[in-house]
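Trainee: need a structure here:
(2 chains)
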2 protein chains.
Amino acid sequence: MSDDLDTLDRLTAPWSDTVAVDAAGVAVGGDEVLARRRARGPATSRQVVGTHVQVVAEGRALVVAEFEQSSGRRGVQTQLWQRGVDGWEVSATHVMLQPPAFDRRIWRVVGDPLVLPLASGPLDGTRIAVQDLFAVAGQAIGAGNPTWRATSPLEHAHAPVVERLLAAGASVAGLARCDELGWSADGRSPHHGATPNPRSGFRVSGGAASGSAAAVAAGHADVGLGIDSAGGVRVPAAYQGLWAIRTTQDVVSRDGSLPLAPTFDAIGWVARDAATLAAIGSVLLPEPVTAISDVVTVDAVLELADDDVRTVLGAAVDRIGRWEVDLVTPDPWVQAYEVLQQVERHRAFGEFAAAHPGEMGELAAERARQAAAIDDESAAQAREQVADARERLRKAIADRVVVLPSAPTVAPRLDAADTAALRQATTRLTCLAEIGGLPVVSVPLATAAGLPVGLSLMGPPHSDAMLLELAASLA
Amino acid sequence: MSDDLDTLDRLTAPWSDTVAVDAAGVAVGGDEVLARRRARGPATSRQVVGTHVQVVAEGRALVVAEFEQSSGRRGVQTQLWQRGVDGWEVSATHVMLQPPAFDRRIWRVVGDPLVLPLASGPLDGTRIAVQDLFAVAGQAIGAGNPTWRATSPLEHAHAPVVERLLAAGASVAGLARCDELGWSADGRSPHHGATPNPRSGFRVSGGAASGSAAAVAAGHADVGLGIDSAGGVRVPAAYQGLWAIRTTQDVVSRDGSLPLAPTFDAIGWVARDAATLAAIGSVLLPEPVTAISDVVTVDAVLELADDDVRTVLGAAVDRIGRWEVDLVTPDPWVQAYEVLQQVERHRAFGEFAAAHPGEMGELAAERARQAAAIDDESAAQAREQVADARERLRKAIADRVVVLPSAPTVAPRLDAADTAALRQATTRLTCLAEIGGLPVVSVPLATAAGLPVGLSLMGPPHSDAMLLELAASLA
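Mentor: The predicted structure is shown next:
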């Protein structure tokens, strides 16, 4: 009960079939149980309020302990104790706490629903998790930072995209967490914690639309709405086994949402199935106007992913034609993209960052400092280079659909080492769509071990509705 | 997995130490496990997505099964299987589901927080669960009925009592569920389900402020605000082991809240400890103006409670003087109280009930019909009789504090038979304060078995602050 980790480790049976279950999922094997315990941080102090012992066999006992934390929150723990040569050890644990009011790593506010539909329509019964970057009447926009929220006005009207969904019968379940000011992107927040990955325990959720995706993966909502500015909708969808779309830039209005980096921002959404993904498209997207000539893969792009992901995608794309083109993002493009992202985020949040030192997390603050240091000439160069790249990319793709990985790896473990290298690898892959302002639909696949992987279909501008159809046909 | 109850029952070891743990708590003994399974209704269909087996001894195996419901919601179940003469049986189960977005039996909407404090003050850090009868800006009042909510306007301002708490540093965690239109009162709703009792598994929560109390008992909020019109704050507090106050009528403004029965309505709140209960009092209550001469018990009032409750209270009040007075509520008073409750609720909700047949639960609809049938003469008589009773009661109590049970029983089990008799017994006890418009503070005690019991201190008008002090001294 005192959370003495050394004692807990000593009492854990070091067997390959030792098992521990808690809210983060199932850990199998003594080593894995120890690793997760070390990663979770100290437990809240608690006191036992009831125990039930069942003798299972000679030297084997099941113990159910009811406990209460100092906050009044109660829990129950079932343990299987076994007496071996080294004394009593625990070979199985199942710990369950009364849940908090709601998971503040997923939601900022949530209701039954938060906002009722405005009318009946094709989206009747569809619950939307809205990323905390959009105006919802009666609430301030939070943007993943508590001070931003506290200093922002209550919105008087819904963002038009939200209004259109409400008018089509959908309800707003709530405002879902997003990574801090778009300046961090793996779903780990210094303010509300690491958003869980409901489909892949003990792994990161991805971001910046971390909460919108987790809400859908956990079944709390049917659709997660977000801004995809740096893979922010596609990456969490890939990590969490969801369907996702990033729309053609400017096809769906971003009015009433906070700009992150307007050159790259596009509306996106996630769903658990292709039909729901497409139903939202039917409400928000214009009629298809672009024909698709061909679906192709580019070897150099597939190679941006690691073996695990390539194996899954390889099997899926074997029937698809190979396109011999140098589409792998050239270094100068990636650099120009990153500079322009920073410059535009600085325009959106630089003043706030300067006025509120110490009220941002370390990662966001560091990126804000870097952004502030970019001089006007570099900014202008980057802008020019991105515009040029956009033109070349659109010309190259023409009316083709390119199949590529949605993210270069499966979701990293929560206890993985520094993720800077992964962030770079992810950017190199995802920034193609942002540079091109292109639509992408991400289809969920899985590795042999059951870990989610995303397959992206990237098409020419305005091919959104056709990509949704194509993706559904793959399901 | 198919929820075949007969098979599940047959596989459950019929022993006294069979144990089953789920979100509703710990059930010990084969019979109790079966009773709860029968009471919970059918389970959602699900499919196993992973299993881990640990051989514990000859004929003993621990099985951990991961499953997924059709909604995408995942869960884990740990079972201990034992081979006996009748084949394999389960002697222990621990079932855990990924929690829903939030518990809609407790909350209608909840946030981090829903409403930020308006200033810093003595209530800094205090999270308030507001019963869904009060105006909170940006939300409609729901009153426990979805149609009432959908047809009510969004509020532009907070109720003054809410505003005062926000101005003193508190935040509004959310709007908590209440029983339907004040016309049902045990925390069981046809719309959002039976509000759980976090301190007393598998027992009713009490109502009408069921959600406000459960939110506090579960640690989701620190204070639950409500209207006490028919024991609606005191009874759930007693059932859930909380401190509670019903204030002197009209001492705290009810502006911005829905009237239930204005002759009896008074603001109340619950907390997990006496200090928090009193802190809210310091913000909302005027300075004490009434002296207290004596603390007394009345045998005839104690006898309104059952043995369990009397035993607990008897021990607590043994040092307190006995008052030989006929204070037990006379039948005509109880009848007049009930008629006037109905008449005033009819004024508040009768038009709605008539306009929306079929959109209210059976119990509320039936009571609405009864209320509509009361003729003007009976209403006038009841009003006169209550006014007379109020005067007599206040005169009799003078400046004494009377100790009485907060409710006549511990919280009934969820599978208890018809509770009409219990409702009558509860009314007879709780209506003393409503008839008198008197303040009451309820102190949590517990039976030997650990079940919550409430001890009430009822004082003369305006003794609220002194009752809070007196109650704290008993803690």
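
Trainee: Name the helix or strand for the residue in the stretch 51-200 of chain A that chain B sits nearest to, please.
Mentor: Here the stretch 51-200 of chain A gets closest to chain B at one residue, residue A:138, 2.6 Å apart by CB to the nearest CB. For every residue, glycine as well, the C-beta is placed using N, CA and C. For residue A:138, there is no enclosing helix or strand under DSSP states H and E.

Trainee: That one reaches residue A:154, doesn't it?
Mentor: Yes. Between residue A:138 and residue A:154 there is a contact under CB atoms under 8 Å: 6.1 Å.

Trainee: and residue A:300, which of the three is it?
Mentor: helix (DSSP: H, G, I helix; E, B strand; the rest coil).

Trainee: Show me which residues of the stretch 151-300 of chain A are close to chain B?
Mentor: Within the stretch 151-300 of chain A, the positions lying close to chain B (CB under 8 Å from any CB of the partner chain) are A:154, A:173-175, A:192, A:198-199, A:215, A:217-221, A:272.

Trainee: Quick one: mark the members of these that sit in strands.
Mentor: A:173-175 (DSSP state E).

Trainee: now, which of those sits nearest residue B:295?
Mentor: Residue B:295 has its nearest neighbour among these in residue A:174, at 47.7 Å by CB to CB.

Trainee: hang on, the earlier thing: got JSON lines for the ones in strands among the residues of the stretch 151-300 of chain A next to chain B, with neighbour count too?
Mentor: Output for those, formatted as JSON lines (neighbours: other CB atoms under 10 Å in any protein chain shown):
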{"residue": "A:173", "neighbour count": "29"}
{"residue": "A:174", "neighbour count": "33"}
{"residue": "A:175", "neighbour count": "29"}
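
Trainee: which one of those is nearest residue B:248?
Mentor: residue A:174 (38.0 Å).

Trainee: picking that back up, and for residue A:138 and residue A:154, which residues touch both?
Mentor: Common neighbours of residue A:138 and residue A:154 (criterion: CB atoms under 8 Å, 6 or more residues apart in numbering or on different chains): B:137-138.

Trainee: that older thread, please render the ones in strands among the residues of the stretch 151-300 of chain A next to chain B as CSV that adds distance to residue B:72 and pLDDT to the earlier fields.
Mentor: Output for these, formatted as CSV (distance: CB to CB, whole Å; pLDDT from 0 to 100):
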residue, distance to residue B:72, pLDDT
A:173, 14, 98
A:174, 17, 98
A:175, 21, 98
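
Trainee: can you list the domains in chain A?
Mentor: Chain A breaks down into these structural domains: A:5-97, A:107-284 (assignment by automatic domain parsing).

Trainee: Any of the residues of the stretch 151-300 of chain A next to chain B buried? List them.
Mentor: With burial judged by 16 or more other CB atoms under 10 Å in any protein chain shown, the buried subset of these is A:173-175, A:192, A:198-199, A:215, A:217-221, A:272.

Trainee: Any idea how many residues pack against the residue of the stretch 51-200 of chain A closest to chain B?
Mentor: Residue A:138 has 20 neighbours, counted by other CB atoms under 10 Å in any protein chain shown.

Trainee: phi, psi of it?
Mentor: phi 90, psi -10 (degrees, to the nearest 10).

Trainee: Need the nearest residue in space to it, chain neighbours excluded.
Mentor: residue B:138 (2.6 Å; CB to CB, 6 or more residues apart in numbering or on different chains).

Trainee: mind checking how far that neighbour is from residue A:139?
Mentor: 7 Å (CB to CB, to the nearest Å).

Trainee: Need the overlap of contacts for these two.
Mentor: Joint contacts of residue B:138 and residue A:139 (CB under 8 Å, 6+ apart) are residue A:154.

Trainee: follow-up on the earlier one: let me know which of the domains of chain A is tucked in deepest.
Mentor: Mean neighbours per residue, mean count of other CB atoms under 10 Å in any protein chain shown, is largest over the domains of chain A for domain A:107-284, with a mean of 24.

Trainee: gap between the two ends of that domain?
Mentor: Taking CA to CA, to the nearest Å, domain A:107-284 runs 24 Å from one end to the other.

Trainee: ditto for stretch A:112-130
Mentor: 14 Å.

Trainee: and if you look at stretch A:26-42?
Mentor: 19 Å.

Trainee: Check stretch A:429-446 too.
Mentor: Stretch A:429-446 end-to-end distance (CA to CA) = 19 Å.

Trainee: For chain B, what is the nearest residue in the stretch 251-400 of chain A?
Mentor: For the stretch 251-400 of chain A, CB to the nearest CB, closest residue to chain B: residue A:272, 5.4 Å.

Trainee: shouldn't that residue be in contact with residue B:72?
Mentor: Yes. The criterion here is CB under 8 Å, and residue A:272 meets it with residue B:72 at 5.4 Å.

Trainee: Mutual contacts of the two, please.
Mentor: A:217, A:219.

Trainee: Can you mark which positions in the helix or strand hosting residue A:313 are buried?
Mentor: Per DSSP H and E, residue A:313 falls inside helix A:307-317. By neighbour count on 16+ other CB under 10 Å, the buried set for helix A:307-317 is A:308-310, A:312-313, A:316-317.

Trainee: after that helix, next one along is what?
Mentor: strand A:321-322.

Trainee: pLDDT and distance to chain B for the buried residues of helix A:307-317 - can I get that in CSV?
Mentor: Below are those laid out as CSV (pLDDT from 0 to 100; distance: CB to the nearest CB, whole Å):
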residue, pLDDT, distance to chain B
A:308, 90, 19
A:309, 92, 21
A:310, 91, 25
A:312, 90, 18
A:313, 88, 23
A:316, 80, 21
A:317, 78, 26
